[in-house]
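Undergrad: Make a model of this:
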Amino acid sequence: MKGRTACPKCKHEFVLDAPDDSGKCKVVCPNCGNKFIIQPTSYDSKSKDECLWEEHGEPRKTILSAIKPRTHKPNIAAVLLISVFAIGITSAAFSDTFIETPLDVLANVGMTGSIDLLVLDQFNNSLEEVTIIIDETSTNTDENGTYSVENISLGLKKVEVSLTNYKTLTLEILVVPFITSYHEIIMENGNGEKYLPFDTIGCSIIIVIFSVFALLAAVMSLKRQHIDIVVVGSILGIFSFGFLMIGSMISVIALIMILKSMDEFENGKKGKIF
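TA: Residues are numbered from 1 along each chain as shown. Prediction:
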């Protein structure tokens, strides 16, 4: 049977002879040479054309942005952060040695710290004229019960606090660079002496916490997921310190490498951001 159709590409209309059966047949456009398939149908009142057509070819495909090739930077950063974790845990286990040694090194290069003290009685009233002895230097608190000193050498300092009718208190204070060591001292009525050593356990717990964050960042860096966790973990890893501040320096290097490879990370469960 004869029928009329149009090329889907150039819209050229032409008449062709189609088989009498209702099967599909291939057609070549005489105008542009485009090949397509038609489905011949009988003419009826519902159709204006005797032949229908179907476009020849595969379905249209979506073109995605090109993915940048992966580098080894996240893996190297992960190894560095694992090292930060190991150094931090070791430092926490031997906190006395690993805390004092790096501070001694920093002190030798001229770095100093500062101390702020507030002396109160058992009723939270400030005490003035309290004698404070640090590094064999004696001074007194002011009318507000406060005492401040800057440019003091780093490390563990023994501070002796004494006042008539109160127990003499000797405590250890850790002086570090950049952060003022603030302490609120409560004096007890009576005679005698009291000694308060530095809380190495509390310091060790803090180091362990920062080190664990570094380990979590290492795991996420290996998986190239959750860039926010990786960045935060690397920053917190800086505060794990470690022997001679090595842990802090390694964390800084890892953070730089992570920031340079941020586009390689996936955004959690939502997939890669293009």
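Undergrad: Roughly how far does the residue nearest to Ser126 when sequence neighbours are not counted sit from Phe123?
TA: Nearest residue to Ser126, sequence neighbours excluded (C-beta to C-beta, 6 or more residues apart in numbering): Gly145, at 2.9 Å. For the C-beta atoms, the positions are set from N, CA and C on the backbone; glycine is no exception. Distance, Gly145 to Phe123, using C-beta to C-beta, to the nearest Å: 12 Å.
Undergrad: With neighbour numbers in mind, choose between those two.
TA: A count of neighbours by other C-beta atoms under 10 Å puts Gly145 above the other of Gly145 and Phe123, at 20 against 6.
Undergrad: need the contact list for that one.
TA: Residues in contact with Gly145 (C-beta atoms under 8 Å, 6 or more residues apart in numbering) are Leu118, Val119, Leu120, Ser126, Leu127, Glu128, Val130.
Undergrad: Residue ranges in the stretch 51-200 of the chain under the pLDDT threshold?
TA: 51-68, 95-99, 101-102 (pLDDT under 70).
Undergrad: Could you pull out the strands in this structure for me?
TA: 2-6, 13-17, 25-28, 35-40, 51-54, 112-120, 131-134, 137-140, 146-153, 155-162, 168-175, 181-186, 193-196 (DSSP state E).
Undergrad: Extract the CA atoms of the fourth one and return them as PDB.
TA: This means strand 35-40. Taking Å, rounded to 0.1, in the frame of the first residue of the first chain, the C-alpha atoms of strand 35-40 are listed here in PDB:
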ATOM      1  CA  LYS A  35      17.200   6.300   7.900                       C
ATOM      2  CA  PHE A  36      14.200   5.700  10.100                       C
ATOM      3  CA  ILE A  37      11.500   3.200  10.800                       C
ATOM      4  CA  ILE A  38       7.800   3.600  10.100                       C
ATOM      5  CA  GLN A  39       4.700   1.700  11.300                       C
ATOM      6  CA  PRO A  40       2.200   1.600   8.400                       C
END
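Undergrad: and the gap between the spatially closest residue to Ile246 that is not a sequence neighbour and Phe210?
TA: Of all residues not flanking Ile246 in the chain, Ile87 sits nearest, at 6.0 Å (C-beta to C-beta, 6+ apart). Taking C-beta to C-beta as the measure, Ile87 falls 11 Å from Phe210.
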